[in-house]
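Colleague: generate coordinates for the sequence data below:
(chains A, B, C and D)
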There are 2 protein chains.
Amino acid sequence: MPYTDLDTCVSFVYELSCFDLLTEEERELVNTQSVLVNYKKGEMVCKQGSFASHIMYLEKGLVKVYLEGNPKDLILTITPQKNLMGLQSLYEGNNTFLYSISTYTETVVRLIDIQIFKQLLKQNPQFAYRVINILNESTSQSYGRFFSLTQKQLHGRLADILLCLSRKIFKSETFDLPLTRSDLSELTSMSTESVIRILKDFKDDGIIDISNKSISLLDLPRLDTISKKG
Amino acid sequence: MPYTDLDTCVSFVYELSCFDLLTEEERELVNTQSVLVNYKKGEMVCKQGSFASHIMYLEKGLVKVYLEGNPKDLILTITPQKNLMGLQSLYEGNNTFLYSISTYTETVVRLIDIQIFKQLLKQNPQFAYRVINILNESTSQSYGRFFSLTQKQLHGRLADILLCLSRKIFKSETFDLPLTRSDLSELTSMSTESVIRILKDFKDDGIIDISNKSISLLDLPRLDTISKKG
DNA sequence: ATAAAAACATGACGCAGATCATAAAAATAT
DNA sequence: ATATTTTTATGATCTGCGTCATGTTTTTAT
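Modeller: Below you'll find the predicted structure:
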């Protein structure tokens, strides 16, 4: 399968921030024209369809970015700290948020006025080029997930998510899940019951260990195989 | 349903080209550092995973952009003339094509050296800003389709595609489909047989008329309802 | 014109996974 | 501590849709 090297992950950590490409002066502008906002666990940071007056930079915390559905949402990404959010609203003729964002943990977000951000893009091409890179990394992963959700069966989809959480977010084979089973179901586009059943399957097969919120991936090669076979 | 105004379309026509933002000199650079290539119907324009040495501009024709799968591909977009393709390869650290592209009709593609394109982005912020807009329009539609394919049932998904083809590509309620039923199945992530059955359902219900490759959308309000209800 | 190959069509069947019902366990609130 | 809500868990049942088999029509090649 030629496409299996598609990144099916829901998250990313840009090794480089884009802000280091700004001049002193520009950075100062961002500082003065932005505000820091604290959110508690479970709070909504932005609401799909509302006016996008700012770009968001996640200074600290963990959030989910999702499309609102009825009855279930579709989680696009899990985003950890030091990432830009809401870049997709940089689109003339659509000044609304494409998605909602809410927090899993206590979170600090820097809200940057979108006009200021646009100004920086227009005056600093290095910065704009970096933003293009960030957008394209995001799109690349989006396609990978697109493929995962439409072409793979349940076990493969859940394996994808577990591997991603381990590799990209928690960077450990053992971690405490801040997500509920229902969140996992919205990441994998399956029912909550199926998530529970498949986690049990994985546990019975010795592929993972799980009790409550604590997860250990015991057999990464097998998880990879399940992910690849779909 | 708050998300029903998500654009579930597979195509777009940017009202503005990005090239009009270049200086005379820059435009000249593009002209001298690019080549025009003709493709026959059914030919492959670029191959997923191969090295992306150029950005493609579709001067004339109609193509599909798709992820290769086994046994079925997933069509990301149907792209008509006057559109940029392969922008997602503008991503440092990934110089390969994320997807394959092949033609539905005779097609003329301008291949622009990717280094030249990058240079333009870095020296002309207006141009870069326009490219960001194009990428974000694309992502916006990608999310809409993501939602359609993961949350809607077959009838809703096919209604989405028919509406899109009518509105965005052919700009008429009657058109000749260059796509096969199998293409429709790869657009909607369902089996070819299901496409055929559902088209028949729509025809029996008087929602569309279809014979061979010729399609008429007879009852747009009902198609819209089917699309919205999923 | 004729043959070969795609594409289209339709019914029968099976199953992956959703839904429903019920209950235990955890988390949260009072 | 105790009550209430949320989350997790498990079995029973149902169904949307894929798969398979078979045949027809259309397109393409010679």
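Colleague: select the longest helix from chain A.
Modeller: The residue-count maximum for a helix in chain A (DSSP state H) belongs to helix A:125-151.
Colleague: in it, what counts as buried?
Modeller: Buried residues in helix A:125-151, counted by 16 or more other Cβ atoms under 10 Å in any protein chain shown: A:125-151. Where you see a C-beta, it was placed from the backbone N, CA and C, and this is true even at glycine.
Colleague: next up, phi/psi of the residue sitting furthest away from the middle of chain A, please.
Modeller: The outermost residue of chain A relative to its centre, with distances by Cα atoms, centre = their mean, is residue A:25 at 30.7 Å. Main-chain dihedrals, residue A:25, degrees, to the nearest 10: phi -60, psi -40.
Colleague: next: residue A:176.
Modeller: phi -100, psi 120.
Colleague: so what are the domain limits for chain A?
Modeller: A:2-145, A:152-229 (automatic domain parsing).
Colleague: for these, give me a markdown table that also has distance to DNA strand C.
Modeller: Output for those, formatted as a markdown table (distance: least, Cβ to the nearest atom of the strand, whole Å):
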| stretch | distance to DNA strand C |
| --- | --- |
| domain A:2-145 | 7 |
| domain A:152-229 | 3 |
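Colleague: and these, which one is worst for confidence?
Modeller: When the domains of chain A are compared by mean pLDDT, domain A:2-145 comes last with a mean of 92.
Colleague: doesn't residue A:79 belong to a helix?
Modeller: No - the assignment for residue A:79, made by DSSP: H, G, I helix; E, B strand; the rest coil, is strand rather than a helix.
Colleague: thought it was touching residue A:57?
Modeller: No - counting by Cβ atoms under 8 Å, residue A:79 stays clear of residue A:57, with 10.8 Å between them.
Colleague: show me the contacts for residue A:227.
Modeller: A:8, A:152, A:156, A:159-160, A:163 (Cβ atoms under 8 Å, 6 or more residues apart in numbering or on different chains).
Colleague: mind redoing it with 7 Å?
Modeller: Going by Cβ atoms under 7 Å, 6 or more residues apart in numbering or on different chains, residue A:227 touches A:156, A:159-160, A:163.
Colleague: give me the buried subset of the residues you listed.
Modeller: Looks like the contacts of residue A:227 have A:156, A:159-160, A:163 buried, using 16+ other Cβ under 10 Å.
Colleague: grab the nearest non-local neighbour of residue A:172.
Modeller: residue A:166 (6.7 Å; Cβ to Cβ, 6 or more residues apart in numbering or on different chains).
Colleague: does the one you found touch residue A:177 like I think?
Modeller: No - with contacts counted by Cβ atoms under 7 Å, residue A:166 stays clear of residue A:177, the gap being 10.6 Å.
Colleague: looking at those two, which is more packed in?
Modeller: In terms of neighbours (other Cβ atoms under 10 Å in any protein chain shown), residue A:166 is the more surrounded of residue A:166 and residue A:177; the figures are 20 against 17.
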